[in-house]
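Enquirer: Below are the sequence and a predicted model; questions follow.
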Amino acid sequence: MTAAPPGRNTMTSSAPSVDLYCVLGNPIAHSRSPWIHARFAELTGERLHYEARLVPLGGFAGAVAQLAAGGARGCNVTVPFKLEAVAAATRCSERVQLAGAANTLSFANGAILADNTDGLGLVADIARNAGFDLAGRDVLLIGAGGAAAGALAPLLAAGPRRVVVANRTLARAEALVRAHTPLAMLHKTELLAQSTQALEHDFDLIVNATVSSLAGDAVPVPAQVLRRGSLAYDMMYGPAAQGFLDWATAGGAQARDGLGMLVEQAAEAFALWRGVRPPSAQVLQEMRAAVSAAAPAIPTTGAGNP
């Protein structure tokens, strides 16, 4: 008898049950995750229900315990609970240990397993959807907070020649580099920390992992980091990314927002839970069309709950 993939309900009955997943955050009403996972389920034939749940500040541990006790199979975690997700887990992946944050929890046999699919989603969007080969390239990662920490290990695993972590506060960049130095050595990648003010060289790929665009601030690095034809990537999408995208285009770079990262990190979580890889490129195309059309609402009903 073949075992079901982790996260799949194996109970048998005349009417198969529908597995429950959700995204926990505060705020959460803006989340597109329910629509994305509903489309993944529909396109793969997986029976599940995925919903958004608002969690009060200070109530994350209780919300996770309630989900697990109620038979849920897993959840995604968004701001401001990614650090608390690590503390709630009984086991953490190497990615979580390096990043210090988790965005995916799986509930199985009384255990809570934590993973971080943010960086995997970033690299998948860059490599598959943008068609950019990271191997042997020079990469600038702007920022040293949680977003940068989640991205760095998967970026290193893609085999670039050099990665520079640039941050306004140099000490934070240096701490992130120290934590990832063994991994960089394993992949024979030069890994350096610099302050944003000291950057002098240009790069093949520039990844903005700061909230500069969201805050309306200027891009925190000089324009000479851009090469004509380089890829400039903001982890934000929509209006929040526009300032960075305009700056990159003016510098002759190819500008790309983080909508693909959003879809691809969800695809990685879906694959962890269900053992099935969803057609993320199709869902990204649909999502981008919806965002471009400024659709007022996207259905959030799971495939198993019409």
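Expert: Thanks, I have it. Residues are numbered from 1 along each chain as shown.

Enquirer: Where do the helices of the stretch 51-200 of the chain begin and end?
Expert: Assigned by DSSP state H, counting those that start in this stretch, the stretch 51-200 of the chain shows helices spanning 60-69, 82-88, 94-99, 118-124, 146-157, 170-186.

Enquirer: To residue 261, which of the ones you listed lies closest?
Expert: Among the helices of the stretch 51-200 of the chain, the nearest to residue 261 by Cβ to Cβ is helix 118-124 (4.7 Å). Where C-beta positions appear, they are placed from N, C-alpha and C, glycine not excepted.

Enquirer: What is the closest one packed up against?
Expert: When contacts are defined as 3 or more Cβ pairs under 8 Å, 6 or more residues apart in numbering; DSSP states H and E, helix 118-124 packs onto helix 94-99, helix 146-157, helix 259-274.

Enquirer: want to try TSV for those, with mean pLDDT and mean neighbour count as columns?
Expert: Listed next are the helices and strands packed on helix 118-124 as TSV, based on pLDDT from 0 to 100; neighbours: other Cβ atoms under 10 Å:
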stretch	mean pLDDT	mean neighbour count
helix 94-99	94	21
helix 146-157	95	25
helix 259-274	98	25
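
Enquirer: possible to save these as JSON lines with distance to residue 36?
Expert: Listed next are those as JSON lines, based on distance: least, Cβ to Cβ, whole Å:
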{"stretch": "helix 94-99", "distance to residue 36": "20"}
{"stretch": "helix 146-157", "distance to residue 36": "18"}
{"stretch": "helix 259-274", "distance to residue 36": "5"}
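
Enquirer: Can you say which of those helices is nearest to residue 215?
Expert: For the helices and strands packed on helix 118-124, proximity to residue 215 was assessed by Cβ to Cβ; helix 146-157 is nearest, at 13.8 Å.

Enquirer: mind checking the SS state of residue 244?
Expert: Secondary structure, DSSP: H, G, I helix; E, B strand; the rest coil: residue 244 is helix.

Enquirer: does it really touch residue 226, like I thought?
Expert: No - contact criterion Cβ atoms under 8 Å: residue 244 and residue 226 do not qualify, at 11.4 Å.

Enquirer: tell me, what's touching those two both at once?
Expert: Residues touching both residue 244 and residue 226 (Cβ atoms under 8 Å, 6 or more residues apart in numbering) are residue 232.

Enquirer: Compare those two (neighbour count), which wins?
Expert: residue 244 (26 against 22; other Cβ atoms under 10 Å).

Enquirer: And that one, how far from residue 265?
Expert: Look at residue 244 and residue 265: by Cβ to Cβ, to the nearest Å, they are 19 Å apart.

Enquirer: One more: residue 68?
Expert: For residue 68 relative to residue 265 (Cβ to Cβ), the value is 22 Å.

Enquirer: do the same with residue 67
Expert: Per Cβ to Cβ, residue 67 is found 20 Å from residue 265.
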